[in-house]
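> quick one: sequence and predicted model below, then my questions.
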Amino acid sequence: MSGPPAFLGADVVEKYLGYSTLIPSLEKALVNYSRGKEGGIVQPIRTIVPVAKYRGFLGVMPAYSAVDDALTTKVVTFYETKTSSDIPSHQATVLLFEPSNGTLKAVIDGKVITDKRTAAVSAIATKLLKPSPAEVLCILGSGAQAHSHYEAFTQQFSFKEVRIWSRTRENAEKLAKAVEGNVRVCSTAREAVTDADVIITATMSTEPVLCGDWVKPGAHINALGACRPDWRELDDDLMKTCVLYVDTREASQKESGDIVQSGASIFGEIGEILNGTISAFPDKTTVFKSVGMAIEDTVAAKLVYDSWISKREDKN
Ligand SMILES: NC(=O)C1=CN([C@@H]2O[C@H](COP(=O)(O)OP(=O)(O)OC[C@H]3O[C@@H](n4cnc5c(N)ncnc54)[C@H](O)[C@@H]3O)[C@@H](O)[C@H]2O)C=CC1
Ligand SMILES: O=C(O)C1=NCCCC1
(Lines give C-alpha, C1' and ligand atoms only; values in the text may rest on other atoms or scores of the structure.)
(Ligands and ions follow the chains in the order given, each with its own letter.)
Protein backbone atom coordinates (compact mmCIF):
# COMPACT_ATOMS: atom_id res chain seq x y z
CA MET A 1 0.00 0.00 0.00
CA SER A 2 1.31 3.46 -0.81
CA GLY A 3 1.08 6.18 1.85
CA PRO A 4 -0.95 9.36 1.59
CA PRO A 5 0.11 11.89 -1.07
CA ALA A 6 2.74 14.45 -0.13
CA PHE A 7 1.59 18.06 0.18
CA LEU A 8 4.07 20.54 -1.23
CA GLY A 9 3.14 24.13 -0.48
CA ALA A 10 4.18 27.38 -2.11
CA ASP A 11 7.33 27.63 0.04
CA VAL A 12 8.58 24.26 -1.26
CA VAL A 13 7.82 25.22 -4.87
CA GLU A 14 9.65 28.56 -4.40
CA LYS A 15 12.65 26.69 -3.00
CA TYR A 16 12.95 24.04 -5.71
CA LEU A 17 11.77 25.77 -8.88
CA GLY A 18 14.54 27.90 -10.35
CA TYR A 19 14.60 29.37 -13.86
CA SER A 20 17.97 27.80 -14.67
CA THR A 21 16.49 24.28 -14.54
CA LEU A 22 12.93 25.18 -15.50
CA ILE A 23 13.82 26.88 -18.79
CA PRO A 24 15.73 23.97 -20.41
CA SER A 25 13.07 21.48 -19.26
CA LEU A 26 10.31 23.63 -20.74
CA GLU A 27 12.24 24.03 -24.00
CA LYS A 28 12.27 20.23 -24.36
CA ALA A 29 8.55 20.04 -23.56
CA LEU A 30 7.72 22.74 -26.14
CA VAL A 31 9.69 20.82 -28.77
CA ASN A 32 7.93 17.55 -27.91
CA TYR A 33 4.52 19.23 -27.93
CA SER A 34 5.10 20.72 -31.39
CA ARG A 35 6.23 17.33 -32.76
CA GLY A 36 2.64 16.13 -32.43
CA LYS A 37 2.03 12.44 -31.66
CA GLU A 38 5.72 11.60 -32.06
CA GLY A 39 6.59 13.92 -29.18
CA GLY A 40 4.67 11.72 -26.72
CA ILE A 41 2.66 14.52 -25.16
CA VAL A 42 -1.05 14.11 -24.50
CA GLN A 43 -2.67 17.44 -23.70
CA PRO A 44 -6.35 17.94 -24.43
CA ILE A 45 -7.69 21.49 -24.63
CA ARG A 46 -8.50 22.50 -21.06
CA THR A 47 -12.04 22.41 -19.75
CA ILE A 48 -13.26 25.81 -18.54
CA VAL A 49 -16.29 26.13 -16.28
CA PRO A 50 -17.56 29.72 -16.06
CA VAL A 51 -18.79 30.80 -12.62
CA ALA A 52 -20.75 33.67 -14.14
CA LYS A 53 -22.38 34.87 -10.94
CA TYR A 54 -18.95 35.88 -9.60
CA ARG A 55 -17.20 36.59 -12.93
CA GLY A 56 -14.93 33.64 -12.30
CA PHE A 57 -13.69 30.53 -14.10
CA LEU A 58 -12.48 27.09 -13.12
CA GLY A 59 -10.07 25.37 -15.49
CA VAL A 60 -8.98 21.73 -15.52
CA MET A 61 -5.66 21.10 -17.28
CA PRO A 62 -4.50 17.46 -17.57
CA ALA A 63 -1.35 16.32 -19.39
CA TYR A 64 0.98 13.35 -19.78
CA SER A 65 4.53 13.39 -21.11
CA ALA A 66 5.85 9.97 -22.14
CA VAL A 67 9.44 11.27 -22.37
CA ASP A 68 9.31 12.67 -18.83
CA ASP A 69 7.00 9.86 -17.67
CA ALA A 70 4.99 12.48 -15.81
CA LEU A 71 1.23 12.68 -15.37
CA THR A 72 -0.54 15.66 -13.79
CA THR A 73 -3.63 17.73 -13.80
CA LYS A 74 -3.80 21.33 -12.70
CA VAL A 75 -7.01 22.81 -11.36
CA VAL A 76 -6.94 26.58 -11.67
CA THR A 77 -9.46 29.26 -10.76
CA PHE A 78 -9.33 32.83 -12.03
CA TYR A 79 -11.61 35.71 -11.18
CA GLU A 80 -11.99 39.00 -13.02
CA THR A 81 -12.56 41.04 -9.89
CA LYS A 82 -10.72 40.54 -6.65
CA THR A 83 -12.96 40.36 -3.58
CA SER A 84 -10.06 40.98 -1.20
CA SER A 85 -6.46 42.04 -1.63
CA ASP A 86 -5.40 38.87 0.25
CA ILE A 87 -6.95 36.49 -2.28
CA PRO A 88 -5.09 36.31 -5.58
CA SER A 89 -7.13 36.51 -8.78
CA HIS A 90 -5.56 33.18 -9.87
CA GLN A 91 -5.25 30.14 -7.58
CA ALA A 92 -4.14 26.66 -8.58
CA THR A 93 -3.27 23.17 -7.42
CA VAL A 94 -1.33 20.53 -9.35
CA LEU A 95 -2.03 16.83 -8.73
CA LEU A 96 0.96 14.63 -9.59
CA PHE A 97 0.23 10.95 -10.31
CA GLU A 98 2.41 7.84 -10.60
CA PRO A 99 1.94 7.09 -14.33
CA SER A 100 2.48 3.32 -13.99
CA ASN A 101 -0.46 2.71 -11.67
CA GLY A 102 -2.41 5.96 -11.24
CA THR A 103 -1.57 6.56 -7.58
CA LEU A 104 -1.73 10.19 -6.47
CA LYS A 105 1.83 11.01 -5.34
CA ALA A 106 1.59 14.68 -4.49
CA VAL A 107 -0.67 17.69 -4.20
CA ILE A 108 1.46 20.68 -5.15
CA ASP A 109 0.77 24.41 -4.89
CA GLY A 110 0.06 25.52 -8.45
CA LYS A 111 0.14 29.28 -8.03
CA VAL A 112 3.90 29.64 -7.94
CA ILE A 113 4.22 27.01 -10.67
CA THR A 114 1.81 28.99 -12.88
CA ASP A 115 3.60 32.29 -12.28
CA LYS A 116 7.08 30.89 -12.91
CA ARG A 117 6.42 28.57 -15.85
CA THR A 118 4.52 31.29 -17.73
CA ALA A 119 7.41 33.73 -17.26
CA ALA A 120 9.91 31.02 -18.23
CA VAL A 121 8.06 30.30 -21.49
CA SER A 122 7.93 34.04 -22.29
CA ALA A 123 11.69 34.17 -21.67
CA ILE A 124 12.22 31.25 -24.07
CA ALA A 125 10.23 33.06 -26.77
CA THR A 126 12.10 36.29 -26.09
CA LYS A 127 15.50 34.63 -26.48
CA LEU A 128 14.43 33.53 -29.97
CA LEU A 129 12.56 36.64 -31.11
CA LYS A 130 13.98 39.76 -29.44
CA PRO A 131 15.75 42.33 -31.58
CA SER A 132 19.46 42.88 -31.09
CA PRO A 133 20.40 44.93 -29.20
CA ALA A 134 17.44 44.78 -26.76
CA GLU A 135 17.98 47.48 -24.16
CA VAL A 136 14.53 48.55 -22.96
CA LEU A 137 12.02 46.20 -21.31
CA CYS A 138 8.45 47.34 -20.69
CA ILE A 139 5.91 45.54 -18.51
CA LEU A 140 2.20 46.45 -18.70
CA GLY A 141 0.45 45.24 -15.52
CA SER A 142 1.67 44.94 -11.95
CA GLY A 143 0.17 41.67 -10.66
CA ALA A 144 1.61 38.21 -10.05
CA GLN A 145 2.65 37.59 -13.65
CA ALA A 146 4.21 41.04 -13.99
CA HIS A 147 6.29 40.19 -10.91
CA SER A 148 7.42 36.73 -12.08
CA HIS A 149 8.20 38.11 -15.54
CA TYR A 150 10.30 40.88 -14.00
CA GLU A 151 12.29 38.28 -12.06
CA ALA A 152 12.76 35.88 -14.96
CA PHE A 153 13.64 38.61 -17.46
CA THR A 154 16.12 40.44 -15.25
CA GLN A 155 17.82 37.09 -14.50
CA GLN A 156 17.91 35.91 -18.11
CA PHE A 157 18.69 39.17 -19.97
CA SER A 158 20.58 42.40 -19.33
CA PHE A 159 18.25 45.28 -20.13
CA LYS A 160 19.54 48.82 -19.56
CA GLU A 161 16.11 50.11 -18.61
CA VAL A 162 12.94 48.52 -17.21
CA ARG A 163 9.62 50.35 -17.33
CA ILE A 164 6.35 49.40 -15.66
CA TRP A 165 2.89 50.77 -16.31
CA SER A 166 -0.23 49.71 -14.46
CA ARG A 167 -3.81 50.97 -14.58
CA THR A 168 -3.41 51.99 -10.94
CA ARG A 169 -0.09 53.83 -10.64
CA GLU A 170 0.19 52.96 -6.96
CA ASN A 171 0.31 49.24 -7.84
CA ALA A 172 3.12 49.81 -10.34
CA GLU A 173 4.99 51.70 -7.62
CA LYS A 174 4.43 48.82 -5.18
CA LEU A 175 5.84 46.33 -7.67
CA ALA A 176 8.84 48.58 -8.37
CA LYS A 177 9.50 48.78 -4.62
CA ALA A 178 9.04 45.03 -4.09
CA VAL A 179 11.57 44.05 -6.76
CA GLU A 180 14.10 46.58 -5.45
CA GLY A 181 15.38 47.11 -8.99
CA ASN A 182 16.09 50.11 -11.11
CA VAL A 183 12.58 50.54 -12.53
CA ARG A 184 10.84 53.53 -14.13
CA VAL A 185 7.12 53.73 -13.34
CA CYS A 186 5.27 55.31 -16.27
CA SER A 187 2.01 57.26 -16.22
CA THR A 188 0.61 55.87 -19.47
CA ALA A 189 0.95 52.63 -21.37
CA ARG A 190 2.00 54.60 -24.42
CA GLU A 191 4.84 56.30 -22.54
CA ALA A 192 6.04 52.91 -21.21
CA VAL A 193 5.96 51.24 -24.60
CA THR A 194 7.53 53.97 -26.73
CA ASP A 195 10.91 52.75 -28.05
CA ALA A 196 10.81 49.59 -25.91
CA ASP A 197 12.55 46.57 -27.46
CA VAL A 198 10.68 43.93 -25.47
CA ILE A 199 7.13 44.38 -24.16
CA ILE A 200 5.18 42.16 -21.78
CA THR A 201 1.41 42.48 -21.47
CA ALA A 202 0.35 40.82 -18.19
CA THR A 203 -3.07 42.23 -17.43
CA MET A 204 -6.61 41.05 -16.76
CA SER A 205 -7.88 43.57 -19.30
CA THR A 206 -10.76 42.71 -21.60
CA GLU A 207 -9.97 45.66 -23.94
CA PRO A 208 -6.72 46.38 -25.80
CA VAL A 209 -4.03 47.97 -23.62
CA LEU A 210 -1.38 47.92 -26.37
CA CYS A 211 -1.78 49.55 -29.79
CA GLY A 212 0.29 48.70 -32.84
CA ASP A 213 1.13 52.30 -33.65
CA TRP A 214 2.91 52.78 -30.28
CA VAL A 215 5.25 49.85 -30.88
CA LYS A 216 8.76 50.31 -32.26
CA PRO A 217 9.16 48.32 -35.50
CA GLY A 218 11.13 45.15 -34.74
CA ALA A 219 10.09 45.00 -31.07
CA HIS A 220 9.10 41.69 -29.51
CA ILE A 221 5.88 41.40 -27.49
CA ASN A 222 4.95 38.63 -25.03
CA ALA A 223 1.18 38.81 -24.60
CA LEU A 224 0.00 36.48 -21.87
CA GLY A 225 -3.32 37.90 -20.71
CA ALA A 226 -6.68 37.85 -22.54
CA CYS A 227 -7.05 34.05 -22.41
CA ARG A 228 -10.79 34.18 -23.02
CA PRO A 229 -12.25 34.48 -26.53
CA ASP A 230 -13.98 37.78 -25.65
CA TRP A 231 -11.01 39.40 -23.88
CA ARG A 232 -8.35 41.55 -25.54
CA GLU A 233 -4.93 43.02 -24.74
CA LEU A 234 -3.59 43.87 -28.20
CA ASP A 235 -5.39 45.87 -30.89
CA ASP A 236 -6.19 44.60 -34.39
CA ASP A 237 -3.47 46.73 -35.95
CA LEU A 238 -0.73 45.00 -33.94
CA MET A 239 -2.25 41.54 -34.33
CA LYS A 240 -2.50 41.88 -38.10
CA THR A 241 0.91 43.44 -38.77
CA CYS A 242 3.12 41.31 -36.50
CA VAL A 243 4.60 37.88 -37.09
CA LEU A 244 2.46 35.88 -34.68
CA TYR A 245 3.80 32.96 -32.66
CA VAL A 246 1.84 30.96 -30.08
CA ASP A 247 2.45 28.27 -27.45
CA THR A 248 -0.31 26.03 -28.80
CA ARG A 249 -2.04 26.59 -32.11
CA GLU A 250 -4.96 24.37 -31.10
CA ALA A 251 -5.88 26.17 -27.86
CA SER A 252 -4.96 29.71 -28.84
CA GLN A 253 -7.30 29.58 -31.86
CA LYS A 254 -10.10 28.75 -29.46
CA GLU A 255 -9.23 30.75 -26.33
CA SER A 256 -7.29 33.87 -27.28
CA GLY A 257 -9.58 36.87 -27.84
CA ASP A 258 -6.73 38.69 -29.60
CA ILE A 259 -6.57 35.89 -32.19
CA VAL A 260 -10.26 34.98 -32.41
CA GLN A 261 -11.49 38.57 -32.72
CA SER A 262 -8.75 40.05 -34.93
CA GLY A 263 -8.72 37.09 -37.31
CA ALA A 264 -4.89 37.31 -37.35
CA SER A 265 -3.02 34.32 -38.82
CA ILE A 266 -0.70 32.33 -36.64
CA PHE A 267 2.77 31.90 -38.11
CA GLY A 268 3.72 29.02 -35.83
CA GLU A 269 4.45 27.61 -32.39
CA ILE A 270 7.51 28.42 -30.29
CA GLY A 271 8.23 24.67 -30.18
CA GLU A 272 8.41 24.70 -33.99
CA ILE A 273 11.15 27.35 -33.91
CA LEU A 274 13.01 25.27 -31.32
CA ASN A 275 12.74 22.09 -33.39
CA GLY A 276 13.81 23.91 -36.57
CA THR A 277 10.63 23.53 -38.63
CA ILE A 278 9.85 27.27 -38.80
CA SER A 279 11.98 30.43 -38.66
CA ALA A 280 12.30 33.05 -35.97
CA PHE A 281 12.21 36.64 -37.30
CA PRO A 282 13.98 38.75 -34.65
CA ASP A 283 14.23 41.72 -37.06
CA LYS A 284 10.45 41.90 -37.52
CA THR A 285 7.78 42.97 -35.05
CA THR A 286 6.89 39.70 -33.34
CA VAL A 287 4.16 38.72 -30.89
CA PHE A 288 4.30 35.61 -28.72
CA LYS A 289 0.71 35.02 -27.64
CA SER A 290 0.51 32.43 -24.88
CA VAL A 291 -2.61 30.94 -23.34
CA GLY A 292 -0.73 28.50 -21.07
CA MET A 293 -0.24 24.76 -21.46
CA ALA A 294 -0.85 21.93 -19.01
CA ILE A 295 2.39 20.25 -20.05
CA GLU A 296 4.31 23.24 -18.65
CA ASP A 297 2.73 22.53 -15.26
CA THR A 298 3.58 18.82 -15.59
CA VAL A 299 7.25 19.53 -16.24
CA ALA A 300 7.45 22.11 -13.43
CA ALA A 301 5.63 19.88 -10.91
CA LYS A 302 7.93 16.95 -11.69
CA LEU A 303 11.02 19.13 -11.22
CA VAL A 304 9.75 20.28 -7.82
CA TYR A 305 8.74 16.78 -6.68
CA ASP A 306 11.97 15.11 -7.81
CA SER A 307 14.14 17.75 -6.09
CA TRP A 308 12.05 17.56 -2.92
CA ILE A 309 12.26 13.74 -2.82
CA SER A 310 16.00 13.68 -3.44
CA LYS A 311 16.66 16.26 -0.68
CA ARG A 312 14.41 14.27 1.68
CA GLU A 313 16.30 11.05 0.90
CA ASP A 314 19.64 12.82 1.49
CA LYS A 315 18.49 13.66 4.99
CA ASN A 316 17.42 10.05 5.81
N1 LIG B 1 -0.57 32.74 -20.76
C2 LIG B 1 -0.49 32.05 -19.65
O3 LIG B 1 0.13 31.00 -19.59
C4 LIG B 1 -1.12 32.59 -18.43
C5 LIG B 1 -1.82 33.76 -18.49
N6 LIG B 1 -2.36 34.31 -17.38
C7 LIG B 1 -3.03 35.59 -17.56
O8 LIG B 1 -2.10 36.64 -17.29
C9 LIG B 1 -2.81 37.81 -16.86
C10 LIG B 1 -2.21 38.35 -15.58
O11 LIG B 1 -2.38 37.40 -14.53
P12 LIG B 1 -1.95 37.73 -13.02
O13 LIG B 1 -0.77 38.61 -13.02
O14 LIG B 1 -1.91 36.44 -12.29
O15 LIG B 1 -3.21 38.56 -12.51
P16 LIG B 1 -3.24 39.66 -11.35
O17 LIG B 1 -4.65 39.79 -10.94
O18 LIG B 1 -2.22 39.37 -10.32
O19 LIG B 1 -2.79 41.00 -12.10
C20 LIG B 1 -3.60 41.54 -13.10
C21 LIG B 1 -3.09 42.90 -13.54
O22 LIG B 1 -3.96 43.37 -14.58
C23 LIG B 1 -4.36 44.70 -14.27
N24 LIG B 1 -5.67 44.95 -14.89
C25 LIG B 1 -6.86 44.40 -14.57
N26 LIG B 1 -7.82 44.89 -15.38
C27 LIG B 1 -7.20 45.77 -16.21
C28 LIG B 1 -7.64 46.61 -17.26
N29 LIG B 1 -8.93 46.64 -17.62
N30 LIG B 1 -6.74 47.35 -17.91
C31 LIG B 1 -5.43 47.31 -17.55
N32 LIG B 1 -4.96 46.57 -16.57
C33 LIG B 1 -5.83 45.79 -15.91
C34 LIG B 1 -4.40 44.76 -12.74
O35 LIG B 1 -4.34 46.09 -12.32
C36 LIG B 1 -3.12 43.96 -12.42
O37 LIG B 1 -2.00 44.77 -12.54
C38 LIG B 1 -4.27 37.37 -16.71
O39 LIG B 1 -4.99 37.72 -17.85
C40 LIG B 1 -4.15 35.87 -16.60
O41 LIG B 1 -5.32 35.19 -16.90
C42 LIG B 1 -2.21 33.73 -16.15
C43 LIG B 1 -1.57 32.53 -16.04
C44 LIG B 1 -0.97 31.88 -17.16
O1 LIG C 1 -2.25 28.44 -18.14
C2 LIG C 1 -2.86 28.77 -17.12
O3 LIG C 1 -2.67 28.24 -16.03
C4 LIG C 1 -3.85 29.85 -17.23
N5 LIG C 1 -3.98 30.42 -18.35
C6 LIG C 1 -4.93 31.43 -18.64
C7 LIG C 1 -5.70 31.92 -17.51
C8 LIG C 1 -5.76 31.08 -16.32
C9 LIG C 1 -4.59 30.23 -16.05
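Right, received. Where do you want to start? Quantities reported herein were computed from a predicted structural model and do not represent experimental measurements. Numbers count the residues shown, from 1 in each chain. Ligands and ions are numbered 1, 2, ... in the order given.
> so residue 95: helix, strand or coil?
strand (DSSP: H, G, I helix; E, B strand; the rest coil).
> for the residue nearest to it when sequence neighbours are not counted, give its distance to ligand 1.
Distances taken as C-beta to C-beta, 6 or more residues apart in numbering put residue 73 closest to residue 95, at 5.3 Å, once the chain neighbours are dropped. No exception for glycine: its C-beta is placed from N, CA and C like everyone else's. Applying C-beta to the nearest ligand atom, to the nearest Å, the value for residue 73 to ligand 1 is 16 Å.
> report the buried residues of the helix or strand residue 73 falls within.
Element membership of residue 73, judged by DSSP states H and E, is strand 70-79. Residues 70-74, 76-79 are the ones in strand 70-79 that count as buried (16 or more other C-beta atoms under 10 Å).
> residues in contact with the residue nearest to residue 95?
Listed by C-beta atoms under 8 Å, 6 or more residues apart in numbering, the contact set of residue 73 reads 60-63, 94-95, 294.
> what pLDDT is listed against residue 1?
What the model reports for residue 1 is a pLDDT of 55.
> near ligand 1, which residues of the stretch 151-300 of the chain are found?
By C-beta under 6 Å from any ligand atom, the residues of the stretch 151-300 of the chain that approach ligand 1 are 166-168, 171, 202-205, 209, 224-225, 227, 290-292.
> quick check: mean pLDDT across the one helix or strand residue 306 maps to?
Secondary structure from DSSP H and E places residue 306 in helix 294-315. Averaged across helix 294-315, the pLDDT comes to 94.
> near ligand 2, anything from that helix?
No. In terms of C-beta under 6 Å from any ligand atom, no part of helix 294-315 sits within range of ligand 2; the closest distance is 6.9 Å.
> who touches the residue in the stretch 1-150 of the chain that ligand 1 sits nearest to in this structure?
In the stretch 1-150 of the chain, the residue that lies nearest ligand 1 is residue 143 (1.9 Å; C-beta to the nearest ligand atom). The contact partners of residue 143, by C-beta under 8 Å, 6+ apart, come to 89, 171, 202-204.
> pLDDT weak spots in this protein?
1 (pLDDT under 70).
> where along the stretch 101-250 of the chain do the strands fall?
Under the criterion DSSP state E, counting those that start in this stretch, the stretch 101-250 of the chain contains strands at 104-109, 136-140, 161-165, 183-185, 198-201, 220-223, 243-246.
> helices of the stretch 101-250 of the chain, start to end?
Counting by DSSP state H, counting those that start in this stretch, the segments of the stretch 101-250 of the chain that form helices are 111-129, 144-156, 169-179, 189-193, 236-241, 249-255.
> can you put these in JSON lines and add mean neighbour count?
Output for these, formatted as JSON lines (neighbours: other C-beta atoms under 10 Å):
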{"stretch": "helix 111-129", "mean neighbour count": "24"}
{"stretch": "helix 144-156", "mean neighbour count": "20"}
{"stretch": "helix 169-179", "mean neighbour count": "16"}
{"stretch": "helix 189-193", "mean neighbour count": "19"}
{"stretch": "helix 236-241", "mean neighbour count": "18"}
{"stretch": "helix 249-255", "mean neighbour count": "18"}
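> quick one: closest of these to ligand 2.
Going by C-beta to the nearest ligand atom, the one of these nearest ligand 2 is helix 111-129, 4.7 Å.
> follow-up on the earlier one: any idea which of the residues of the stretch 151-300 of the chain next to ligand 1 is closest to ligand 2?
For these, the nearest to ligand 2 is residue 292 (1.9 Å; C-beta to the nearest ligand atom).
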